[in-house]
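>>> structural data only, the sequence is not supplied:
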């Protein structure tokens, strides 16, 4: 598997394939399944490619492929739309090819619970967008969903092995992380979070140039055109440093090592990959980038933050700057902006939803719980999309009877409607506890309002 100008590369790849083969055939008590974290990026693509080739060689030799392989893709629900579209197509190809080739490989997509999604946290609960000191997104949107899948698999099979596409040459931090958890003299390392789970990093010794050579020189075992992936990286590369020149084809230009993640990521100072995609012609993403930049700029504006956190704890610094959750006014503004951008984006890509209907419902529930009954999600949606869908919490006959019974005090009618809204929408969330507390809080606030007059 040698190729011109890269002496020794073929033998290194063969060595990795032999190691993967040995590890796959290793006899163990549970026949531990392999779980491959697949993002669709270059490293996870190379990892799955080599595992597939190794398994296929075993199959051709007449070996029974008894160890199952789960390809797990974590969808944060705010992935870069260009990458998300690509990954959906790749996963479909992998799933179909595995069935056609009778490989014990299956595909799973994990997502955060609705309450843990980015928009439910920011627009629904008013969490300030993430930064380096407050990164709720990593735990809620990435670690928890994948860990839950691993836990479920471990409980079913006793133990599991997670294959990761990390490489020592990626960064010093990655190298330290790999070496910190590895067991000397063994390929497997203890998983840092999940008990009875081990990690295996088959491609940790590969250099960036080798990764790109595999992508461009070795046909995809699941029949996908890897040139699409190469072109996405090329278009999204903002920097020229460490961009390897791929020599398998004269038409290949230098390609960067851009990282793709959430289009709304506010932890990085600048989203270079999205900026480069826009400069490469993906102009419909410009409103998304502008919105992301506004979120960063407005994160610490005192007027947009409350003077308390969600638990009621006071959150004002010594200068009088508010540091609590976002105000309800700002949260409604953000939803209006997001839906407007979504509507504009759908003129270019009708299939793109920046926020799901389930999240919209959950946000309404969270707003009710925070005592906001004046502006509804439905109102904002109607305003942006030009619809006239009514807010209906009860039938016509029930409304007439209730209005008659509350004729002496119309405020009672409004109060009962709000309590009904809390009760009705509570069941839409996965965590159903707390309804009594919500009702009591609303009644207490109502009494305070009346007593104060």
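Everything's here; your move. None of these values were measured; they are calculated from a predicted model.
>>> now the residue nearest to residue 43 when sequence neighbours are not counted, what's its secondary structure?
Spatial nearest neighbour of residue 43, chain neighbours left out: residue 165 (3.6 Å); criterion: CB to CB, 6 or more residues apart in numbering. (C-beta placed from N, C-alpha, C; glycine too.) Three-state secondary structure (criterion: DSSP: H, G, I helix; E, B strand; the rest coil) places residue 165 in coil.
>>> could you give the mean pLDDT of the helix or strand encompassing residue 338?
Assessed by DSSP states H and E, residue 338 sits inside helix 328-346. Across helix 328-346, pLDDT averages out at 96.
>>> beyond it, next helix or strand please.
Immediately after helix 328-346, counting by DSSP H and E, sits helix 357-369.
>>> spatially, what comes nearest to the most centrally placed residue in the chain if we skip its sequence neighbours?
Centroid-nearest residue in the chain: residue 76, 1.3 Å away (criterion: CA atoms, centre = their mean). Ranked by CB to CB, 6+ apart and with sequence neighbours excluded, the top spatial neighbour of residue 76 is residue 141, at 4.4 Å.
>>> what about stretch 212-232, distance to the chain center?
A distance of 24 Å separates the centroid of the chain from that of stretch 212-232, by CA atoms, centre = their mean, to the nearest Å.
>>> what are the buried residues along that stretch?
212-218, 220-222, 224, 226, 229-230, 232 (16 or more other CB atoms under 10 Å).
>>> closest one of those residues to residue 107?
residue 222 (10.2 Å; CB to CB).
>>> and residue 353, how far from residue 113?
Noted for residue 353: a distance of 18 Å to residue 113, by CB to CB, to the nearest Å.
>>> can you check residue 164 too?
For residue 164, the distance to residue 113 (CB to CB) stands at 24 Å.
>>> out of these two, which sits in the busier spot?
Ranked by neighbour count (other CB atoms under 10 Å), residue 164 and residue 113 place residue 164 first, with 20 against 16.
>>> isn't that one right up against residue 201?
Yes: assessed by CB atoms under 8 Å, residue 164 is found in contact with residue 201 at 5.2 Å.
>>> sitting in strands, which of the buried residues of stretch 212-232 do you find?
Nothing among the buried residues of stretch 212-232 maps onto strands, per DSSP state E.
>>> out of those, which are inside helices?
If you go by DSSP state H, the buried residues of stretch 212-232 have 212-217, 226, 229-230, 232 in helices.
>>> could you pull up the mean pLDDT of stretch 228-240?
What stretch 228-240 shows for mean pLDDT is 76.
>>> now swap in stretch 375-391 and tell me
81.
>>> domains for this protein, by residue range?
Structurally, the chain divides into domains by automatic domain parsing as follows: 9-225, 300-385, 396-451.
>>> distance from the second one to the middle of the chain?
Here the centre of mass of C-alpha atoms in domain 300-385, compared against the chain's by CA atoms, centre = their mean, lies 19 Å away.
>>> mind checking the end-to-end distance for it?
Its first and final residues considered, domain 300-385 spans 30 Å by CA to CA, to the nearest Å.
>>> just to revisit the earlier point, what's the least confident stretch among the domains of the chain?
domain 396-451 - the lowest mean pLDDT of the domains of the chain, at a mean of 51.
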